[in-house]
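S.K.: coords please:
(2 chains)
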Number of protein chains: 2
Amino acid sequence: MPSISPRSPDVLVLGGGIIGLSTAWRAARQGLTTTVVDPAPGRGATHAAAGMLAPVSEVTYTEEPLLRLGLASLARWPEFAAELEAASGHEVDYRTDGMLDVAFGPDDLTALDDLAVFLDKLGLPFERLTGRECRRLEPMLAPSVRGGLLARGDAWVDPRRVTAALLAALDRLGVEVVRRSAAELVPGESGRSVRLDDGEIVTAERIVLAAGAWSGALQGLPPGLMPPVRPVKGQIMRLRSPAPLLGHCVRGTVHGSPVYLVPRGDGEIVLGATQEEMGFDTRVTAGGLWELLRDARELVPGVTELEMCDVVAGLRPGTPDNLPMIGRTALPGLLMATGHHRGGVLLAPLTADLLFGDPLFGDGDGALASACSPDRFKGYV
Amino acid sequence: MPSISPRSPDVLVLGGGIIGLSTAWRAARQGLTTTVVDPAPGRGATHAAAGMLAPVSEVTYTEEPLLRLGLASLARWPEFAAELEAASGHEVDYRTDGMLDVAFGPDDLTALDDLAVFLDKLGLPFERLTGRECRRLEPMLAPSVRGGLLARGDAWVDPRRVTAALLAALDRLGVEVVRRSAAELVPGESGRSVRLDDGEIVTAERIVLAAGAWSGALQGLPPGLMPPVRPVKGQIMRLRSPAPLLGHCVRGTVHGSPVYLVPRGDGEIVLGATQEEMGFDTRVTAGGLWELLRDARELVPGVTELEMCDVVAGLRPGTPDNLPMIGRTALPGLLMATGHHRGGVLLAPLTADLLFGDPLFGDGDGALASACSPDRFKGYV
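M.R.: Okay, here's the model as predicted:
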């Protein structure tokens, strides 16, 4: 017989990545008693994320709704970072020095030109730079860089510091983080209940499914409500630089293959990221590293001198339309905050606000909320 | 005041790499009381060695004495491995499936042809293979491999298993391994003494300096006796293969750049190795890994699918003439066993025999011994 636990918070968050922890923090600050369940908080996709807050330079033509979501969340980041640092006593290395998107070959330059036209049409701010202007901004760039695009409004943050800060902030608010896996959704006496992998039952008024790529693995979801998330593997590498190598985040396309270099305040450079459809495979592979190094050294040859201090693979939760699933579901009491794919770090403040913000929907948030409604995939799987 | 230790073995070996441990094992089996000093036994160059026992395929034109040393030691390996496994109860993954040396580009093929002529002249056994014959032996080789050379007599071993086995064998013989650094050679009451970094003094009849790249750092060596060893950095990578990828050791030259892949019994593939003159720098660098992967994937494209499970950099002890320093020095009681550069694993059995074998010199060993005499560099530094 599973034991009946004394735990019955207002909100139970399944998943302790940046999405789950941000959501729990928002709920707890609203005065809701909150519990998080995760076998290894902060060690999933967030651990392998570079932390680019770059809706402008990461824009893709077909994904205007995602761009709008990104811009709305980017606007929340300064306050989110400041409040989180104040609440936790942790720094999160939030930086606003801008993103430099550079092109290597002639085809890459053509793609950059097209992107500039698209951004112009959307009225998004950027500066078009020649190769020489790029190197003036970033002297370590290769002489073969042909041109660039500077998005001054884009920012970045250290996701590992953010999760550490969120865990500290949650601790100060008395939020319990249960280091177990959620196994099954079960009918509760009041509200919903979840059975953990040790048999314990936790009952809550609201349950937030925020388990990233593993969100589809929760048993007991009603037919049609299983979120259609799939794991999209990403490998990143952390390099240690004795002196700061870059002042901006540098993103580039080398013969069609995207790569980015994100400088940290402590001199580290994060180099990422592969995008692989490999199922639940988190092996760091020789080929993944080789691709990253091949492209990064074309853009910034000096990276070869840097020490490799960490390599990790994470699984991003991809959805069929690349948009996240945020909000209420057809099952009363069950909320979702999953499917953020490559945008979990960027979209964390917005996601938390959409679920537990006060007021729940601000200006324009209603349209955003409906674009991310979990119900849009009803019956999809 | 440094404390006077009760330790006064017959033989004190400074350095617990494969050379120091093999020498200590040989001395102890001769009935000599023996002590080894090393802050981290087996964690130096041996830890980063691939373990190729390949005097034939690794031969270089100017280095015939080194080839002779290698062949003499290779001949000792079967017995050394068998005795060590019996004495320790550890397996060392000694394999004799031969070394396949392949050429990638036309220039590499020309170099291989020249090597074949040279080996022929020396009367060394090998088989010349076409690209197709190479792929018949090793189906994972790239279609672009143009030819090869099979050295059936070459072998390989897992150096990490060898040091583990040696430590176990030493333990069974009561040899003490003191996990400290040797700081200074000091005059002793009888024989020689060494002061350790904690102040302890160990006195011994014979002291063997076997500290690899760090051998020149021992204080108190008489003028002219400091061995002219320099650190030659090597980076290697260990990949995990779910199924055996290769049956032979494969060594190749890709546009002039050498690379090798050494299969282990447990499915691991060791990929190595860079050769860098960087001083005492053991950082694993992005550029080192990139070079290894670039060349390895040209020879065996399938390596990109393998999991990367370990990367490490070691410092080989290089000498001005690439020959090791083995034997007595001008200072009575001080022996050397250092400067083995890339050949420490191969030369370990011979080195131990030259120092503490019985009889001390067998047929031909006299000439070998004088080629390696530490005295040849007298006054060099």
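
S.K.: Give me the below-cutoff pLDDT ranges for chain A.
M.R.: When residues are selected by pLDDT under 70, those of chain A lie in A:1-6, A:60-62, A:188-191, A:358-365, A:379-381.

S.K.: what does it have sitting close to chain B?
M.R.: Within chain A, the positions adjacent to chain B are A:237, A:239-240, A:271, A:283-287, A:289-290, A:293-294, A:296-297, A:303-308, A:311 by Cβ under 8 Å from any Cβ of the partner chain. Every C-beta, even on glycine, is put in place using the N, C-alpha and C of the backbone.

S.K.: which ones are touching residue A:250?
M.R.: Counting by Cβ atoms under 8 Å, 6 or more residues apart in numbering or on different chains, residue A:250 makes contact with A:99, A:100, A:102, A:138, A:141, A:260, A:261, A:299, A:300.

S.K.: surely residue A:14 meets residue A:182?
M.R.: Yes: the pair formed by residue A:14 and residue A:182 meets the contact definition of Cβ atoms under 8 Å, at 4.5 Å.

S.K.: picking up where we left off before, please pick the buried ones from the residues of chain A next to chain B.
M.R.: When neighbours are counted using 16 or more other Cβ atoms under 10 Å in any protein chain shown, those contain these buried positions: A:237, A:239-240, A:271, A:283-287, A:289-290, A:293-294, A:296-297, A:303-304, A:306-308, A:311.

S.K.: returning to what we had before: can you put the contacts of residue A:250 in TSV and add secondary structure?
M.R.: Putting the contacts of residue A:250 into TSV (DSSP: H, G, I helix; E, B strand; the rest coil) gives the following:
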residue	secondary structure
A:99	strand
A:100	strand
A:102	strand
A:138	coil
A:141	coil
A:260	strand
A:261	strand
A:299	helix
A:300	coil
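
S.K.: Can you turn the buried subset of these into a selection I can paste into PyMOL?
M.R.: To isolate the buried members of the contacts of residue A:250 in PyMOL, using 16+ other Cβ under 10 Å:
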select buried, chain A and resi 99+100+102+138+141+260+261+299+300
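
S.K.: Determine which two of the contacts of residue A:250 are furthest apart.
M.R.: Within these, A:99 and A:300 form the most distant pair, 14.6 Å apart (Cβ to Cβ).

S.K.: Name the SS class of the nearest residue to residue A:265 once chain neighbours are set aside, please.
M.R.: Counting by Cβ to Cβ, 6 or more residues apart in numbering or on different chains, residue A:265 lies nearest to residue A:93, which is 4.7 Å off, once chain neighbours are set aside. Following three-state DSSP, residue A:93 is assigned to coil.

S.K.: Relative to chain B, how far out is residue A:93?
M.R.: 21 Å (Cβ to the nearest Cβ, to the nearest Å).

S.K.: Check residue A:201 too.
M.R.: Taking Cβ to the nearest Cβ, one finds residue A:201 at 38 Å from chain B.

S.K.: Select the longest helix from chain A.
M.R.: When chain A is parsed with DSSP state H, its longest helix is helix A:64-88.

S.K.: Isn't residue A:211 up against residue A:227?
M.R.: No: using Cβ under 8 Å, residue A:211 is not in contact with residue A:227, being 9.1 Å away.

S.K.: Which one's more surrounded, the two?
M.R.: Comparing residue A:211 with residue A:227 by neighbour count (other Cβ atoms under 10 Å in any protein chain shown), the higher total belongs to residue A:211, at 28 against 23.

S.K.: Give me the nearest residue to the more buried one, chain neighbours excluded.
M.R.: residue A:15 (3.9 Å).

S.K.: Strands of the stretch 251-381 of chain A, residue ranges please.
M.R.: Using DSSP state E, counting those that start in this stretch, the strands of the stretch 251-381 of chain A run over residues A:257-263, A:268-272, A:307-318, A:325-328, A:334-338.

S.K.: Pull the distance from the longest one to the chain's centre.
M.R.: Distance of strand A:307-318 from the chain centroid (Cα atoms, centre = their mean, to the nearest Å) equals 13 Å.

S.K.: on that earlier part again, the residue nearest to residue A:265 and residue A:159 touch, don't they?
M.R.: No: using Cβ under 8 Å, residue A:93 is not in contact with residue A:159, being 9.6 Å away.

S.K.: more crowded one of those two?
M.R.: Counted by other Cβ under 10 Å, residue A:93 and residue A:159 do not tie: residue A:159 has more neighbours, with 26 against 20.

S.K.: list the contacts for that one?
M.R.: Shown in contact with residue A:159 (Cβ under 8 Å, 6+ apart): A:18, A:46, A:47, A:49, A:50, A:51, A:345.

S.K.: Pick out the most distant pair among these.
M.R.: Longest span within the contacts of residue A:159, Cβ to Cβ: A:18 and A:50, 12.4 Å.

S.K.: Between those two, point out the one with more neighbours.
M.R.: residue A:18 (33 against 25).

S.K.: if I pick the residue in the stretch 1-150 of chain A positioned nearest to chain B, what's in contact with it?
M.R.: Using Cβ to the nearest Cβ, the single residue of the stretch 1-150 of chain A nearest to chain B is residue A:140, 13.4 Å away. Residue A:140 sits next to A:245, A:246, A:300, A:301, A:302 when contact means Cβ under 8 Å, 6+ apart.

S.K.: go again using 7 Å as the cut-off
M.R.: Counting by Cβ atoms under 7 Å, 6 or more residues apart in numbering or on different chains, residue A:140 touches A:245, A:246, A:300, A:302.

S.K.: From the residues you listed, list just the buried residues.
M.R.: Here, 16+ other Cβ under 10 Å leaves A:245, A:246, A:300, A:302 buried among the contacts of residue A:140.

S.K.: would you list every one of the helices in the stretch 1-150 of chain A?
M.R.: For the stretch 1-150 of chain A, applying DSSP state H, counting those that start in this stretch gives helices covering A:18-29, A:64-88, A:106-122, A:131-137.

S.K.: and the second one, what does it pack onto?
M.R.: For helix A:64-88, the elements it packs on are helix A:159-172, helix A:344-356, helix A:365-371, judged by 3 or more Cβ pairs under 7 Å, 6 or more residues apart in numbering or on different chains; DSSP states H and E.

S.K.: and after the helix or strand hosting residue A:207, which helix or strand comes next?
M.R.: Under the criterion of DSSP states H and E, residue A:207 resides in strand A:206-209. Scanning forward in sequence from strand A:206-209 by DSSP H and E, the next helix or strand is strand A:230-240.

S.K.: Residue A:275 reaches residue A:231, doesn't it?
M.R.: No: in this structure, residue A:275 is not within contact of residue A:231 by Cβ atoms under 7 Å, at 11.2 Å.
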